[in-house]
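Visitor: Quick one, structure for this:
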Amino acid sequence: MTVRTRADLDALPGYVPGKSVPGAIKLASNEVSLGPLPSVVKAVAEAASRINRYPDSAAGELVAALARKLGVAEDNVSVGCGSVTLCQQLIQATCTEADEVLFPWRSFEAYPVVTQVVGAAQVRVPLTGGHALDVDAMIAAITPATRLVFVCTPNNPTGTALRREELERFIDAVPADVLVVIDEAYREFVSDPEVPDGVEVAKEQWARGRDNVAVLRTFSKAYGLAGLRVGYLVAPEAVTAVVRKVFVPFGVNALAQVAALASLEAEDELFARCREIVAERGRVRSALVDAGYEVPETQANFVWLPLGARTAEFNEHCLAHKVVVRAFVGDGARVTIGTAEENDTFLAAALAFPR
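Guide: A predicted model of the protein is given here:
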């Protein structure tokens with residue numbers, strides 16, 4: 001006798017993380033090469049002696065610190081084991097098998113995975129020819145079955161971001177009973193003043209009586225805590241309350257909570273690092289464009305090369321030059337902005353690729 005499992009999961013591709021190759025430079029997972037700050041490492045080391053105790057399941061101290069930082073009530077904040085876990089919890093809290101989750105495509109590759117795991121239907125809306133979110137197409141794709149919409153801005157893996165007018169126009173067009181989730185995993189790298197702060201947009205919408213706008217952020221990228229897994233949700237109280245009902249108890253471990261708090265206290269130094277990454281991002285993109293590559297304007301800590309059918313060939317070429325990029329075969333390659341030296345190694349490989 002064979003244990004019966006869900007047949008629909010047989011066709012579900014697993015989430016594919018960026019690979020690591022010994023001796024190669026890893027520019028595949030949008031990690032910050034410099035890692036956490038020394039003060040954060042010290043705080044984690046000191047907390048390690050207490051890991052025999054369960055963490056605060058509600059992460060009360062971290063929630064309070066985030067609420068103060070963002071100017072919202074503590075009831076408007078919920079934390080999770082990375083923002084991807086919160087993506088799944090949001091779907092669990094809003095959708096049944098009869099409902100739809102809408103998102104741009106290509107976008108964060110976990111969206112279809114967590115949607116199908118929950119059992120909801122997925123609606124993928126193609127990007128524009130310029131590799132940006134197609135606001136009009138996303139509006140047109142909303143149906144009475146739509147319950148949640150992910151708006152990834154800056155978008156992963158293309159790096160493109162919505163301007164204020166586009167984002168507000170989209171929110172205004174979404175029915176009030178559909179949750180709009182602004183996924184801002186790369187917010188700290190935004191340098192374009194026309195790209196709005198999603199939390200501020202959400203607060204403005206709440207003030208207008210629209211309680212269907214939420215924001216996701218993470219400590220994995222700019223804060224350098226990818227290995228500890230902690231993200232957070234900013235949303236109306238009615239949303240955070242139901243998300244907490246479907247979360248896994250003690251999902252954010254004690255060391256992650258300590259590291260996140262220490263990182264918030266060191267934000268000035270962390271944001272200085274972000275500015276250095278933004279400067280390197282501009283340098284790398286300019287070099288690629290000058291070499292004849294198409295590279296859309298990016299507001300994240302990576303660049304997107306829409307190589308289409310040559311993506312796999314480019315990926316193998318980079319591996320041969322000891323550089324690991326994130327290849328989406330048939331679409332393009334996403335390349336993380338690393339240190340200046342790492343970026344130089346990648347550029348040397350990219351410029352040697354026959355075009």
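
Visitor: Just say helix, strand or coil for V101.
Guide: strand (DSSP: H, G, I helix; E, B strand; the rest coil).

Visitor: My read is that it contacts I142, right?
Guide: No: proximity of V101 to I142 does not meet the contact threshold set by Cβ atoms under 8 Å, at 11.3 Å. C-beta here means a position set from N, CA and C on the backbone, and glycine is covered the same way.

Visitor: what is in contact with those two at once?
Guide: Taking Cβ atoms under 8 Å, 6 or more residues apart in numbering as the contact definition, V101 and I142 share the neighbouring residues V149.

Visitor: Looking at those two, which is more packed in?
Guide: Residue environment comparison for V101 versus I142 gives the larger neighbour count to V101, 28 against 18, counting by other Cβ atoms under 10 Å.

Visitor: which residues does that one form a beta bridge with?
Guide: Beta-bridge pairing of V101 under DSSP bridges involves Q122, L148.

Visitor: could you list every residue that touches it?
Guide: When contacts are counted by Cβ under 8 Å, 6+ apart, V101 touches 91, 95, 111, 115, 120-123, 146-150.

Visitor: any idea how far it lies from H321?
Guide: As judged by Cβ to Cβ, to the nearest Å, V101 and H321 stand 39 Å apart.

Visitor: G332 now?
Guide: 18 Å.

Visitor: Which residue is the nearest non-sequential neighbour of E280?
Guide: I337 (5.1 Å; Cβ to Cβ, 6 or more residues apart in numbering).

Visitor: in a helix, that's where I139 is, yeah?
Guide: Yes: if the criterion is three-state DSSP, then I139 is within a helix.

Visitor: quick revisit: of G332 and H321, who's got more company?
Guide: In this comparison of G332 against H321, neighbours counted by other Cβ under 10 Å, the higher total goes to G332 at 25 against 16.

Visitor: Might one say that the more buried one is in contact with V303?
Guide: No: no contact is recorded between G332 and V303 when judged using Cβ under 8 Å, the distance being 10.0 Å.

Visitor: For the stretch 251-355 of the chain, give me the ranges with low pLDDT.
Guide: Within the stretch 251-355 of the chain, not a single segment meets pLDDT under 70.

Visitor: Do a quick rundown of the strands in it.
Guide: Assigned strands in the stretch 251-355 of the chain, in chain order: 302-305, 323-324, 326-328, 332-336 (criterion: DSSP state E, counting those that start in this stretch).

Visitor: I'd like the ones you listed laid out as CSV, including distance to L27.
Guide: Shown next, in CSV, are the strands of the stretch 251-355 of the chain (distance: least, Cβ to Cβ, whole Å):
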stretch, distance to L27
strand 302-305, 8
strand 323-324, 6
strand 326-328, 8
strand 332-336, 4
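
Visitor: Tell me which of the ones you listed sits nearest to R53.
Guide: Nearest to R53 among the strands of the stretch 251-355 of the chain is strand 332-336 (35.6 Å), distances taken as Cβ to Cβ.

Visitor: Walk me through which strands the closest one pairs with, and which way each runs.
Guide: Short version: by DSSP bridges, strand 332-336 pairs with strand 302-305 (antiparallel), strand 326-328 (antiparallel).

Visitor: Tell me which of these is the most buried.
Guide: The highest average neighbour count among the strands paired with strand 332-336, using mean count of other Cβ atoms under 10 Å, belongs to strand 302-305 at a mean of 26.
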